[in-house]
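# 3D, please:
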Amino acid sequence: MRVGELSSRSGVPVPTIKFYVREGLLPAGRLTSPNQASYDSGHERRLRLIRALLDVGGLSLAAIGEVLRVVEDPEQPVHKVLGIAAKRLTPLQGGEAGPELEDARDEVAELLVRRGWRTGADGPAGESLAEVIVALRRAGHGGFVELLDDYAAAAEAVARADLDYVGRRVAREDLVESVVVGTVLGEAMFGALRRLAQTDASARAYDGDRGAGAPAGPGDKGHEGDGSGASHEGDARGESGASGASDEGDARGEVGGSGEGVEVPGAGG
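Okay, the predicted model is just below:
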């Protein structure tokens, strides 16, 4: 297919496609003439992967490039690909070293031993968890740390579901791309599901004016806005603003909005 058709099928503007080719994120098309190239379904799939990692996953172009290089290397085991994606996904706050952080690191290490998890507490995810524990205590919610094992049990169930999905793929490329997409977009999906579940749990626990589990009536708009239903959901959406819409905008900004605004001097159709 020509670049115009690739653009239409993938939803990525032609200038952005050429930008990705120049940056090494997308393989160049097969030259059919000095000024024309042909693309195939592999290019379309790669474009959709890039946009998913960029728009929803919030990865930078540099991080996407690192993940894609591992994806393209047949010598790399799938476990390493998952590790690269997880490393890029885990934000470190750069917490100050001190007794609080050291205690939290010890708690993370003890959790891993208690759960029998075959991973290290000194990796990015372990360090991020330790920083979260410190932040909870500084915010006066240290009791929340008592829920670590409950959260870990839920995480184990989600991890098993992730790997079950990945295991359905046979071809290495499909398998690796499933790992990357599942790791990156699974974070966003689980966060959204958690907020929905919180809204439901809050309504069931605190909505005393209506029977447990009873749906709101068509004209019950005022009640929805007063309790912990719609307003709680709005609060939950607000909490995810920094890591959701904001991060998405920042990531897209690297290529000029969502890519539509990238101008490539001298790039022909």
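# please save the CA atoms from stretch 46-66 in CSV.
The C-alpha coordinates for stretch 46-66 follow below in CSV (Å, rounded to 0.1, in the frame of the first residue of the first chain):
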residue,chain,number,x,y,z
ARG,A,46,3.7,-1.2,14.2
LEU,A,47,2.1,2.2,13.9
ARG,A,48,-0.8,1.1,16.0
LEU,A,49,1.6,-0.2,18.6
ILE,A,50,3.6,3.0,18.7
ARG,A,51,0.4,5.1,19.1
ALA,A,52,-0.9,2.9,21.8
LEU,A,53,2.4,3.1,23.8
LEU,A,54,2.5,6.9,23.2
ASP,A,55,-1.1,8.0,23.6
VAL,A,56,-2.4,5.6,26.3
GLY,A,57,0.8,4.2,27.8
GLY,A,58,2.4,7.7,28.1
LEU,A,59,5.8,6.4,27.1
SER,A,60,8.3,8.9,25.6
LEU,A,61,9.6,8.4,22.1
ALA,A,62,13.0,7.3,23.5
ALA,A,63,11.3,4.7,25.8
ILE,A,64,9.2,3.4,22.9
GLY,A,65,12.4,3.1,20.8
GLU,A,66,14.1,1.1,23.5
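# now do the buried residues in that stretch.
The neighbour-count check on stretch 46-66 (16 or more other Cβ atoms under 10 Å) flags 46-59, 61, 63-64, 66 as buried. C-beta coordinates here come from the backbone N, C-alpha and C atoms, glycine included.
# and if you look at stretch 184-198?
Val184, Gly186, Glu187, Ala188, Arg195.
# repeat for stretch 105-120
Buried-residue list, stretch 105-120, by 16+ other Cβ under 10 Å: Arg105, Glu107, Val108, Leu111, Leu112.
# where's the first one, which helix or strand?
Applying DSSP states H and E as the criterion places Arg105 in helix 99-115.
# put the alpha carbons of that helix into PDB.
Extracted in PDB, the C-alpha atoms of helix 99-115 (Å, rounded to 0.1, in the frame of the first residue of the first chain):
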ATOM      1  CA  PRO A  99      15.400   6.000  57.700                       C
ATOM      2  CA  GLU A 100      11.800   6.200  56.400                       C
ATOM      3  CA  LEU A 101      12.800   5.000  52.900                       C
ATOM      4  CA  GLU A 102      15.100   2.300  54.200                       C
ATOM      5  CA  ASP A 103      12.300   0.900  56.500                       C
ATOM      6  CA  ALA A 104      10.000   1.000  53.500                       C
ATOM      7  CA  ARG A 105      12.500  -0.900  51.400                       C
ATOM      8  CA  ASP A 106      12.700  -3.600  54.100                       C
ATOM      9  CA  GLU A 107       8.900  -3.900  54.100                       C
ATOM     10  CA  VAL A 108       8.900  -4.400  50.400                       C
ATOM     11  CA  ALA A 109      11.600  -7.100  50.600                       C
ATOM     12  CA  GLU A 110       9.600  -8.800  53.400                       C
ATOM     13  CA  LEU A 111       6.500  -8.700  51.300                       C
ATOM     14  CA  LEU A 112       8.200 -10.400  48.400                       C
ATOM     15  CA  VAL A 113       9.600 -13.100  50.600                       C
ATOM     16  CA  ARG A 114       6.200 -13.600  52.200                       C
ATOM     17  CA  ARG A 115       4.400 -13.900  48.900                       C
END
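# what packs against that helix?
Counting contacts by 3 or more Cβ pairs under 8 Å, 6 or more residues apart in numbering; DSSP states H and E, helix 99-115 is packed against helix 124-138, helix 148-167.
# low-confidence ranges, the stretch 101-250 of the chain, go.
For the stretch 101-250 of the chain, the stretches flagged by pLDDT under 70 are 169-173, 176, 208-250.
# again, only this time at 80
166-185, 187-188, 207-250 (pLDDT under 80).
# keep only those of the buried residues of stretch 46-66 that are in strands.
Residues of those located in strands (DSSP state E): none.
# and which of the buried residues of stretch 105-120 is nearest Leu129?
Val108 (5.2 Å; Cβ to Cβ).
# residues touching the helix holding Arg105, excluding its own?
95, 119-122, 126-127, 129-131, 133-134, 137-138, 145, 148-149, 152, 156 (Cβ atoms under 8 Å, 6 or more residues apart in numbering).
# coming back round to it: next step: the buried residues of stretch 184-198 restricted to strands.
Going by DSSP E, the strands hold none of the buried residues of stretch 184-198.
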